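Enquirer: 3D, please:
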Amino acid sequence: MNAAVSLDGRLAPASRTKVRLGSRRDRARMDRLRASADAILVGAGTIRAEDPPLQVRSQVLRRARAREGRSPHLLEIVLSRSLRLPPRARFMTPGPAPRLLVVPRVAPVRRRQALGDAFAIEVCGEREVNIVRLLDRLARRGVGRLLVEGGGGTFARFLRRELVDEIHVTVCPVLLGGIGAPTLFDGEGFETSPFPRMRLELCRREGQEVYLRYGRPLSP
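Expert: Model (predicted):
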């Protein structure tokens with residue numbers, strides 16, 4: 001998983017207003033990280049709040065992928081229960097990249113049918129998307145490296161199940177504050193010790209930012 005956070009650990013303001021935290025240098029690093037993946041995954045809330053591009057931007061990196069025999073385009077995956085997605089969002093706009101909507105069985109049937117002609121839709125789970133089952137299905141599709149880019153609730157679902165091999169975090173020199181502002185790990189969290197611990201693999205200063213990479217959890 002990869003994210004840029006404020007100095008006080010927020011992904012965005014409490015209003016969910018779109019804000020660009022990382023520098024140009026950080027965005028280049030993110031592009032390289034995307035280029036190393038087979039697919040990119042976000043929750044529908046990230047699409048509604050930020051409408052991010054979900055592809056490798058650098059033509060050099062896309063050409064390098066093609067030379068390696070890989071598609072220049074990542075598989076774009078969005079998790080949604082309500083299927084309330086902005087019709088003008090980048091993800092909703094036809095393009096060369098393969099796109100996959102993953103929904104639980106409770107997702108509105110009419111919306112699912114309306115979107116079925118434009119997207120591949122995968123029903124996975126009952127009331128919530130079953131993350132473990134989804135990863136198995138993606139592996140059968142040939143996805144060996146999945147990049148998860150938000151938001152906090154989606155991160156939490158992977159982290160709670162210890163399904164994250166690497167956490168890439170850029171700490172940016174800005175303060176956002178605000179009760180209810182989304183963080184790297186939202187949802188219910190962990191209430192009692194022992195709490196999961198991650199292994200620090202890299203800590204590097206880049207300008208006024210600090211780039212961190214953590215590996216799989218260690219035993220408490």
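
Enquirer: use CA for all of it now, contacts and neighbours both
Expert: Fine.

Enquirer: Just to check, residue 123 is in contact with residue 103?
Expert: Yes: in this structure, residue 123 is within contact of residue 103 by C-alpha atoms under 8 Å, at 5.0 Å.

Enquirer: Give the residues shared as contacts by those two.
Expert: Both residue 123 and residue 103 are contacted by residue 129, under the criterion C-alpha atoms under 8 Å, 6 or more residues apart in numbering.

Enquirer: Settle it for me: which of those two has more neighbours?
Expert: Shown here are residue 123 and residue 103; by other C-alpha atoms under 10 Å, residue 103 has more neighbours (25 against 16).

Enquirer: Look at residue 29 and give its secondary structure.
Expert: With DSSP: H, G, I helix; E, B strand; the rest coil as the basis, residue 29 sits in helix.

Enquirer: what number of residues lie near it?
Expert: Applying other C-alpha under 10 Å, I find that residue 29 has 14 neighbouring residues.

Enquirer: do residue 137 as well
Expert: 14.

Enquirer: can you give me phi and psi for the most centrally placed residue in the chain?
Expert: Computing the C-alpha centroid of the chain and ranking residues by C-alpha atoms, centre = their mean puts residue 149 first, at 2.0 Å. Backbone torsions for residue 149, taken as degrees, to the nearest 10, come to phi -120, psi 20.

Enquirer: for it, what are its contacts?
Expert: Counting by C-alpha under 8 Å, 6+ apart, residue 149 has contacts 1-3, 40-42, 155.

Enquirer: Tell me the confidence at the residue lying closest to residue 144 once chain neighbours are set aside?
Expert: Closest residue in space to residue 144, ignoring its immediate chain neighbours: residue 38 at 6.5 Å, by C-alpha to C-alpha, 6 or more residues apart in numbering. On pLDDT, residue 38 comes in at 98.
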